[in-house]
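Visitor: Pasting the sequence and the predicted coordinates here, then a few questions.
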Amino acid sequence: MQDLTLYYMPTCPFCQKVIGYMKKNDIEVPMKDTLSDEKHRQELLEIGGKTQVPCLVIDGKALYESDDIITWFKDNWKRMKQAW
Ligand SMILES: N[C@@H](CCC(=O)N[C@@H](CS)C(=O)NCC(=O)O)C(=O)O
């Protein structure tokens, strides 16, 4: 199973778009708020080279862009759940 973490800010509309899609499709992954926790912001900077959110980290690799994250979930989530 792939290791997933979503970095987000509660105030970010692009993050809300991704989170809304996740809720609608019963997708749950560990989430880290970069607004309330500077440690999470630094962590994201180290992993992906920038602090932009939303960012889905997949096995240590950063996937930025809300549309690309949603597409990734569409393409991979069912397969991942079946593997559990
Ligand atoms: N095109 C991006 C836009 C993301 C974006 O603009 N995020 C803002 C927050 S709403 C951000 O992370 N700004 C802080 C930064 O870039 O460090 C997407 O669709 O994900």
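Guide: That came in fine, so what should we check first? Being a predicted model, the structure only gives us computed values, none of them experimental.
Visitor: ok, longest helix in this structure?
Guide: Counting by DSSP state H, the longest helix found in the chain is helix 66-83.
Visitor: Please write out the alpha-carbon positions of it in CSV.
Guide: Taking C-alpha atoms only, helix 66-83 is exported to CSV below (Å, rounded to 0.1, in the frame of the first residue of the first chain):
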residue,chain,number,x,y,z
SER,A,66,-5.7,20.3,-6.9
ASP,A,67,-6.9,18.9,-10.2
ASP,A,68,-3.9,16.5,-10.5
ILE,A,69,-4.6,15.3,-6.9
ILE,A,70,-8.2,14.6,-7.7
THR,A,71,-7.2,12.8,-10.9
TRP,A,72,-4.7,10.8,-9.0
PHE,A,73,-7.5,9.7,-6.5
LYS,A,74,-9.8,8.9,-9.4
ASP,A,75,-7.1,6.7,-11.0
ASN,A,76,-5.7,5.0,-7.9
TRP,A,77,-8.0,5.0,-4.9
LYS,A,78,-10.2,2.0,-5.8
ARG,A,79,-7.1,-0.1,-6.6
MET,A,80,-5.5,1.0,-3.3
LYS,A,81,-8.6,0.1,-1.3
GLN,A,82,-8.9,-3.3,-3.0
ALA,A,83,-5.3,-4.1,-2.0
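Visitor: which helices and strands does that helix pack with?
Guide: Counting contacts by 3 or more C-beta pairs under 8 Å, 6 or more residues apart in numbering; DSSP states H and E, helix 66-83 is packed against helix 13-24, strand 55-58. For the C-beta atoms, the positions are set from N, CA and C on the backbone; glycine is no exception.
Visitor: neighbours of residue 78, just the number please.
Guide: By the measure other C-beta atoms under 10 Å, the count of residues near residue 78 is 11.
Visitor: quick one: the closest residue to residue 50 other than its chain neighbours and residue 51, what's the gap?
Guide: Counting by C-beta to C-beta, 6 or more residues apart in numbering, residue 64 is the residue found nearest to residue 50 once chain neighbours are left out, at 7.3 Å. Distance of residue 64 to residue 51, given as C-beta to C-beta, to the nearest Å: 10 Å.
Visitor: How about residue 30?
Guide: Residue 30 is 18 Å from residue 51, by C-beta to C-beta.
Visitor: okay, those two: which has more neighbours?
Guide: residue 51 (15 against 9).
Visitor: Since that was my last question, I'll sign off now.
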